[in-house]
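>>> Quick check, what structure comes out for this input:
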Amino acid sequence: MAWAGLIRVITIDDDRTMNLHGRHIEAAFPGLRVVSRCIQDHPEGVHDAATETTAAPLVVRLAEEFRDEGATAVLISCVADPGVVEASRRLRIPVLGAGAATAAIAAGLGGKVGVVGISDVVPEAMAAVLGGRFVAYSRPEGVSNTLDLLDPAVKDAVLSAAREVACAGASVIALACTGYATIGIASSIREATGLHVVDPVIALGLFGYYAAVLGAAKPGALEGHGPAVPEARKP
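Down below sits the predicted model:
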């Protein structure tokens, strides 16, 4: 079976939480197995320039591990896409970030794109792809890192931020943190705004499915004759 390595950029102690994004991708794209691992020393994930800088070499190291174990693609579950450029230079397999993937799908849906994130500005990885389609950005009140999204009390603030970018002229909303996928809020935003909403983990999975299964398929790969899939583990 074709498989992809998925890198979580937040340090997670329990396997269920660490594997959550990978399970979302597997449910949406049968035929792709996802093995998840997380980087060390980032208890609040990546949420600013400093944490992005320190995360990047750790991401590259895990990407090389996945490459060495036979992964067909490496997926970075972070919209800042830390380490993607460097890992892509070193590896001969696709290295994909949630930021570029989310922005590409949002732009492809047509019209103007509003972004709801957790930092002060739109992540560069997303802005570069959105270009002139970008129309507005909003960060929910009380949210400054991915852990803040786990508080049920912030849901109203997230919906308010989504309505804000909708009122600014967006016809598509791109979620600029994979933590929004963790709390499964995309459907609530669709109901509140009536707009297309791009879930960053599913966007990453779509590109990963193409890269690992469709774009690199070999005879027998879909029948279980591809590289062996390693067990999931924490670093």
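>>> Where does the prediction get shaky in the protein?
Within the chain, the segments meeting pLDDT under 70 span 216-235.
>>> quick one, domains of it?
Per automatic domain parsing, the domain ranges recorded for the chain read 3-98+202-223, 100-200.
>>> Export these as CSV, with columns for mean neighbour count.
Glycine gets a C-beta too; all of them are placed from N, C-alpha and C. Shown next, in CSV, are those (neighbours: other Cβ atoms under 10 Å):
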stretch, mean neighbour count
domain 3-98+202-223, 20
domain 100-200, 20
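>>> roughly how far out does the lengthiest helix in the chain sit from the chain middle?
In the chain, with assignment by DSSP state H, the single longest helix is helix 49-68. Centre-to-centre, helix 49-68 and its host chain are 15 Å apart (Cα atoms, centre = their mean, to the nearest Å).
>>> Show me what secondary structure element comes after it.
Using DSSP states H and E, the next helix or strand after helix 49-68 towards the C-terminus is strand 73-77.
>>> leaving aside the residues next to it on the chain, what's closest to Asp120?
Leaving aside its sequence neighbours, Asp120 sits nearest to Arg139 (Cβ to Cβ, 6 or more residues apart in numbering; 6.8 Å).
>>> Could I get the contacting residues of the one you found?
Residues near Arg139 by Cβ atoms under 8 Å, 6 or more residues apart in numbering: 116-120, 161.
>>> rerun at 10 Å
115-122, 157-158, 161, 164, 176-177 (Cβ atoms under 10 Å, 6 or more residues apart in numbering).
>>> a markdown table for those residues, including secondary structure and distance to His47?
What follows is these, written out as a markdown table (DSSP: H, G, I helix; E, B strand; the rest coil; distance: Cβ to Cβ, whole Å):
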| residue | secondary structure | distance to His47 |
| --- | --- | --- |
| Val115 | strand | 15 |
| Val116 | strand | 14 |
| Gly117 | strand | 9 |
| Ile118 | coil | 6 |
| Ser119 | coil | 6 |
| Asp120 | coil | 10 |
| Val121 | coil | 12 |
| Val122 | coil | 13 |
| Ala157 | helix | 16 |
| Val158 | helix | 15 |
| Ala161 | helix | 16 |
| Glu164 | helix | 20 |
| Ala176 | strand | 11 |
| Cys177 | coil | 8 |
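>>> Could you check the angle the longest helix of the chain makes with strand 73-77?
Between helix 49-68 and strand 73-77, the angle comes out at 160 degrees (axes from the mean of the first three to the mean of the last three Cα atoms, to 10 degrees).
>>> What helices and strands are in contact with helix 49-68?
Taking 3 or more Cβ pairs under 10 Å, 6 or more residues apart in numbering; DSSP states H and E as contact, the helices and strands that helix 49-68 lies on are strand 3-8, strand 33-38, strand 73-77, helix 84-90, strand 95-97, helix 124-130.
>>> how far does the second one sit from the chain's center?
Which is strand 33-38. Centre-to-centre, strand 33-38 and its host chain are 13 Å apart (Cα atoms, centre = their mean).
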